[in-house]
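Colleague: have a look at this fold, sequence not included:
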């Protein structure tokens, strides 16, 4: 195969090229654009899968652009964490399939090709973000995904969509600048932009104060992206107002990029082992715990179903951030796997919510009473998603939370194990509200209870995802053991 | 001897499949009843086929799935689990017959029978759980599946009771999960197959927290005071639900969980060294007396039953926390004794409500003339609770008192006597009202409940007598309880 | 202290600019002014990174016959070119959003928009 040496680059190049040419290919036809997007994402997903298989067999590997060796050339590096790119491609594919009917109804035909173009650009940005080994590249991909994200939020044309997008944009841009500032400082300190190289050059001679400022700026920037409390204010509006397939992508994937950035930063500084991270860790643990509780707390009072899901994302990112901050073997594994699993779960929920809104035209729990009888399959997918997100075995959410809780005990901080379990309880309460409304309460609009199922192109993606929520729970050992070497390697240099 | 066998998993799966079939085909009453009844009988059959083996000491094990080493879902039928499993599957049959008759005029029957089956599935899952995680999973399933049954009426009152129920039990579930994680952290395993897996080396502070967490988690469902608040309000549920779930499945799941914690997680030896159960025993004793006092003043029939349940459940807790063989025997056999006696009473309350619409104690004057068989069954159950010899309740009280003396805490035997008096105080007035007080107005003719309601009531009443007279009733093998006790105490 | 500030005057200026920009973003009520604050922040970061690459007396790093070391570091300059492109795109999106907000609501004052919600 001629392309085989460039395989790793292709996982970014294919969707990038595919998205840019979409308007040209489609020539104004939304249907063609949709088919094209499915094709591109299928190919991307296939490439990503082969990469994941390769990393599972041989461990991390690199691609050097133009054959230039790092630190001079740009490096793509595919490690175990990068396997998230396959999840991105997969959920992207499903979101695109879901969009086929959704876009027809929600958007004017002329704009549909641009919608797919933006969506794929967003996915490209994320895939690039996960595979790059270069700090500045991180920034570029982050901007690709953020800019397309702002536009995607505004695309729905709802009354408050632009304002939500603008809020998202301002906070997003400020946070990006913090990250860029930090990258600049790291460059000034080490004279390199390659992550592994930066890590190697961060020796004891590097002045401490600028390094700490750089790390703080980067954490701050990524925390905004990850919507960690109290920097979450942009998220609920943006995620609730966006078209549902976009919400699935934003909530399941884009938010994770903030976490992912932190993970990469940890990789750099853990390996270097020049600064004491305990303060940063403590901050993350506490903010994580507060996010869990506050996200759940706000979610309880939401009547809008997508708003509720958006707040639930804040809680779940809280779990991940807490796992990162606990910084023990178990908690890091749990947190990394939760990045994957929450992507699946939250996409299930948002797609199901999208199907419900698409069919009924209502979006508040009050209006949607009884919809579980009208849309049994969608309701079922929603229920599986809800069970998973609470973390009841044998679903996908369970093992990660189990590991993070174990990690809390391992790190000698049982209080956070406690916080985690009771956060789950809180989350349970508002999902029970949802189930209550869907099945057990007298419908406000009688027609909702007889509405009939969503079309196949919507049903299939969410049922696949719902099935995966179960499968990933039962086969939970596989992702855990897959991630474990990466975490071990990450922690190896800080003395166990 | 351990044998790998699918039957421990098959038992919960049958009820589970039954729920699926009811949801799919339950629109027609015939199929709904057919599947419910046949699944109930089939499951009882499956459980019984394991009985001969279990009596000989064979333990059937089935490992379903392992998420990561040591954490997975697995089923196991040791003597204790078998005992609880038999009680619950047996009573499922009776309650199903009863429910078919009782629920006839009700709405949403598909949902009712579907979730009913799921609850029973979860209960047997709890009985046969091999490790704490499986136990927790079914414990939570039980919580969730009971909820639609509690709010069956969908009235504001029912919704409120449902909410209260969920808040109590889900919080309890969270404590159980916390305890499970902590157990795994402390000893690297969560299996329930040994007489105690923890050791003193884990540190007394951690062990104390773990004990408190697990006991609080299971104690919610076992309705130990002050965690009992949900039980009386949950009585808004239809009577078969109150009967099976609030006399057998849900509350016994909590009590059973506590037995597991005491005997299989901590182990008797460790608890003796740590003196952790002393306060639990006092709490249980307090609950026995206090709940009885409250029951004295309840006019609503089902609420009186509910407080009586709260009181009776603490017999099991008390028996377990005495940490003596006799106490353990009492705790285990009381699972069956209380279940049969209490379910009889609930059946009676439901039959009266269906037949006459009466729900309060003071309205029951002369009801014995109208429904002599029903009230006869009630009298049997009442005698059992008071602890008259030849009835089931006597056996529990006898062993419990022996256990108290064995542990040198004779005052708990006194608690038994006081409790007997209080039980007499709130059950005998009903008997008196029913049989010795003429009904107001015209003399009533005999007008019994239909056979679907009457038959299960009478059978259960008959069992109460059998349990009291012959220690080794075929279905409730006392020898299983004895085997469990021997295993736990290493005799 | 003063001396350290004086030798790092370029960095200090960036920090001041950055703070001014952040202040604008947080306090301004008008969406366009908010966004101008963001642009100031961007400029600050760009200036900071470009300043990193300056070498005392260095030439532009262009290969040719008369090129002679020392050169200034070309990498920061290349980075900032990319950065500027990103900044321009952000500006474009932001302005188009502001226009649409104005068309729909007739105002671009944040407090008035909040009242409308």
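Modeller: Great, that's in hand. Everything numeric here is computed off the predicted structure, so don't read it as measured data.

Colleague: which stretches in chain C count as helices?
Modeller: Remark: helices assigned in chain C by DSSP state H are C:2-7, C:9-27, C:31-52, C:74-105, C:110-116.

Colleague: make CSV from the ones you listed and add mean neighbour count, distance to chain B and mean pLDDT to it.
Modeller: In this view, the C-beta of every residue, glycine as well, is placed from N, C-alpha and C. Output for the helices of chain C, formatted as CSV (neighbours: other Cβ atoms under 10 Å in any protein chain shown; distance: least, Cβ to the nearest Cβ, whole Å; pLDDT from 0 to 100):
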stretch, mean neighbour count, distance to chain B, mean pLDDT
helix C:2-7, 8, 50, 75
helix C:9-27, 15, 39, 88
helix C:31-52, 20, 43, 90
helix C:74-105, 17, 41, 89
helix C:110-116, 12, 34, 79
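
Colleague: measure residue A:417 to chain C for me?
Modeller: Distance, residue A:417 to chain C, using Cβ to the nearest Cβ, to the nearest Å: 37 Å.

Colleague: closest to residue A:112 out of the helices of chain C?
Modeller: For residue A:112, the closest of these is helix C:74-105, at 18.6 Å, according to Cβ to Cβ.

Colleague: distance between the closest one and the chain's centre?
Modeller: Relative to the centre of its chain, helix C:74-105 is centred 11 Å away, using Cα atoms, centre = their mean, to the nearest Å.

Colleague: what packs against it?
Modeller: Judged by 3 or more Cβ pairs under 8 Å, 6 or more residues apart in numbering or on different chains; DSSP states H and E, helix C:74-105 is in contact with helix A:135-154, helix A:161-190, helix C:31-52, helix C:110-116.

Colleague: out of the helices of chain C, nearest to residue C:60?
Modeller: For residue C:60, the closest of those is helix C:74-105, at 8.4 Å, according to Cβ to Cβ.

Colleague: so how many other residues sit close to the residue of the stretch 351-491 of chain B found nearest chain A?
Modeller: Going by Cβ to the nearest Cβ, chain A is nearest to residue B:353 of the stretch 351-491 of chain B, at 23.3 Å. Residues within reach of residue B:353, counting by other Cβ atoms under 10 Å in any protein chain shown, total 17.

Colleague: hang on, it packs against residue B:242?
Modeller: No - counting by Cβ atoms under 8 Å, residue B:353 does not reach residue B:242; the two are 10.7 Å apart.

Colleague: chain B contacts on chain A?
Modeller: Proximity of chain A to chain B, by Cβ under 8 Å from any Cβ of the partner chain, involves residues A:392-394, A:398-399, A:402, A:405-406, A:409-410, A:414, A:417-418, A:421-422, A:424-425, A:428-429, A:432, A:439-442, A:473-474, A:476-477, A:480-481.

Colleague: re the thing from before, which residues touch the residue of the stretch 351-491 of chain B closest to chain A?
Modeller: By Cβ atoms under 8 Å, 6 or more residues apart in numbering or on different chains, the contact set of residue B:353 is B:239, B:301, B:359.

Colleague: phi first, then psi, for it.
Modeller: Main-chain torsions, residue B:353, degrees, to the nearest 10: phi -60, psi -40.

Colleague: ok, residue A:62 next?
Modeller: phi -130, psi 160.

Colleague: now do the contacts for it.
Modeller: A:8, A:70, A:75-78, A:133.

Colleague: what about 7 Å?
Modeller: Counting by Cβ atoms under 7 Å, 6 or more residues apart in numbering or on different chains, residue A:62 touches A:75-77, A:133.

Colleague: same check on residue A:84?
Modeller: A:130, A:260, A:339-340.

Colleague: likewise for residue B:175?
Modeller: Going by Cβ under 7 Å, 6+ apart, residue B:175 touches B:213, B:216-217.

Colleague: and it, what's its pLDDT?
Modeller: What the model reports as pLDDT for residue B:175 is 88.

Colleague: buried ones in the helix or strand containing it?
Modeller: Using DSSP states H and E, residue B:175 sits within helix B:156-187. Residues B:158-159, B:161-187 are the ones in helix B:156-187 that count as buried (16 or more other Cβ atoms under 10 Å in any protein chain shown).

Colleague: repeat that for stretch B:114-130.
Modeller: B:114-130.

Colleague: can you give the distance of stretch A:60-78 from its chain's centre?
Modeller: Centroid separation for stretch A:60-78 versus its chain: 25 Å, with Cα atoms, centre = their mean.

Colleague: wait, stretch B:116-133
Modeller: 13 Å.

Colleague: so what's residue A:56 closest to, chain neighbours aside?
Modeller: Nearest residue to residue A:56 in three dimensions, chain neighbours excluded: residue A:482, at 6.4 Å (Cβ to Cβ, 6 or more residues apart in numbering or on different chains).

Colleague: for the residue nearest in space to the middle of chain A, what are its contacts?
Modeller: Centroid-nearest residue in chain A, with Cα atoms, centre = their mean: residue A:253, separated by 2.2 Å. Residue A:253 makes contact with A:88, A:91, A:126, A:343 under the criterion Cβ under 7 Å, 6+ apart.

Colleague: contacts only, for the second one.
Modeller: Applying Cβ under 7 Å, 6+ apart, one finds that residue A:91 lies in contact with A:248-249, A:252-253, A:343, A:347.

Colleague: which phi and psi does it have?
Modeller: Dihedral pair for residue A:91: phi -70, psi -40, per degrees, to the nearest 10.

Colleague: so which strand or helix has whatever residue of the stretch 1-150 of chain B ends up closest to chain C?
Modeller: Relative to chain C, the nearest point of the stretch 1-150 of chain B is residue B:147 (35.9 Å; Cβ to the nearest Cβ). Using DSSP H and E, residue B:147 sits within helix B:132-150.

Colleague: picking up where we left off before, the contacts of residue A:91 in helices, which ones?
Modeller: Those of the contacts of residue A:91 mapping onto helices are A:248-249, A:343, A:347, per DSSP H.

Colleague: average pLDDT across stretch A:198-212?
Modeller: On average, stretch A:198-212 scores 84.

Colleague: report the buried residues of it.
Modeller: Going by neighbour count (16+ other Cβ under 10 Å), the buried part of stretch A:198-212 is A:198-199, A:201-202, A:211.

Colleague: follow-up on the earlier one: ok, now how distant is the residue nearest to the centre of chain A from chain B?
Modeller: Distance, residue A:253 to chain B, by Cβ to the nearest Cβ: 25 Å.

Colleague: can you name the residues that contact residue B:359?
Modeller: Residue B:359 makes contacts with B:300-302, B:353, as judged by Cβ under 7 Å, 6+ apart.

Colleague: cutoff 6 Å now
Modeller: Contact analysis of residue B:359 by Cβ atoms under 6 Å, 6 or more residues apart in numbering or on different chains lists B:301, B:353.

Colleague: got phi/psi on it?
Modeller: When read as degrees, to the nearest 10, the backbone of residue B:359 gives phi -120, psi -10.

Colleague: close enough to count as contact, residue A:70 and residue A:194?
Modeller: Yes - taking contacts as Cβ atoms under 6 Å, residue A:70 lies within contact range of residue A:194: 4.3 Å.

Colleague: ok, those two, which is more surrounded?
Modeller: residue A:194 (23 against 19).

Colleague: that one and residue A:71 touch, don't they?
Modeller: Yes - using Cβ under 6 Å, residue A:194 is in contact with residue A:71, at 4.3 Å.

Colleague: and residue B:4, how many residues sit next to it?
Modeller: Neighbour count of residue B:4, defined by other Cβ under 10 Å: 9.

Colleague: secondary structure class for the closest residue to it other than its chain neighbours?
Modeller: The spatially closest residue to residue B:4, leaving aside those adjacent along the chain, is residue B:61, at 5.6 Å (Cβ to Cβ, 6+ apart). Assigned by DSSP: H, G, I helix; E, B strand; the rest coil, the conformation of residue B:61 is strand.
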